[in-house]
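*Asks:* pasting the structure only:
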């Protein structure tokens with residue numbers, strides 16, 4: 001049973017400027033070819049932009065009965081010592097000069113909140129995970145309740 005699930009998809013307001021930049025880039029590429037060959041750049045570049053945005057937003061986060069799953073990474077909940085919700089300011093500080101180079105980080109710049117998951121695993125050198133979340137309080141609560 002899932003107690004928390006979310007996807008870190010790219011927001012709609014980021015798609016429009018990205019596609020606009022892609023169209024401008026396609027126009028620049030298309031200037032080098034006359035006639036119909038110049039239009040080939042549009043579907044190619046806009047498809048690449050669309051696939052890139054989709055790939056950026058593919059990260060899924062879930063908490064099940066016995067593990068915390070972030071994309072392909074899996075953490076057994078028995079190794080979760082603490083789950084701390086972070087606001088944008090605290091997240092920025094934690095990922096800045098105070099960052100531990102051994103930490104596991106999945107960060108998306110368009111998601112302001114995050115959760116710091118402190119680990120208690122003597123066989124793992126990773127001290128904590130920092131995971132972006134649109135609902136950091138809910139994610140931390142789910143990790144505490146299940147773990």
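*Replies:* Structure received. All figures in this text were calculated on a predicted structure; none of them were measured in a lab.

*Asks:* what number of residues lie near the closest residue to residue 50 other than its chain neighbours?
*Replies:* Nearest residue to residue 50, sequence neighbours excluded (CB to CB, 6 or more residues apart in numbering): residue 19, at 7.5 Å. For glycine as for every other residue, the C-beta is placed from the backbone atoms N, C-alpha and C. Applying other CB atoms under 10 Å, we find 15 residues neighbouring residue 19.

*Asks:* looking at residue 19 now. What's its pLDDT?
*Replies:* According to the prediction, residue 19 has pLDDT 96.

*Asks:* cool, and the one 3 residues further on?
*Replies:* The pLDDT attached to residue 22 in the predicted structure is 96.

*Asks:* ok, it - how many residues close by?
*Replies:* Counted with other CB under 10 Å, the burial measure for residue 22 works out to 21 neighbours.

*Asks:* continuing past the top helix by length along the chain, what's the next helix or strand?
*Replies:* With DSSP state H setting the assignment, residue counts place helix 12-30 as the longest helix in the chain. Note on helix 12-30: by DSSP states H and E, the next helix or strand toward the C-terminus is helix 41-56.

*Asks:* pull out the buried residues from that next one.
*Replies:* Within helix 41-56, the residues scored as buried using 16 or more other CB atoms under 10 Å are 41, 42, 45, 46, 49, 53, 56.

*Asks:* now do the domain split for this structure, please.
*Replies:* Per the record's domain assignment (automatic domain parsing), the chain is made up of the domains 4-56, 76-146.

*Asks:* most packed of those?
*Replies:* Among those, domain 76-146 has the highest mean neighbour count (mean count of other CB atoms under 10 Å), at a mean of 16.

*Asks:* quick one: the helix or strand where residue 130 lies to chain centroid distance?
*Replies:* Mapping residue 130 onto the secondary structure by DSSP H and E places it in strand 128-132. Strand 128-132 has its average C-alpha position 10 Å from the chain's average C-alpha position, going by CA atoms, centre = their mean, to the nearest Å.
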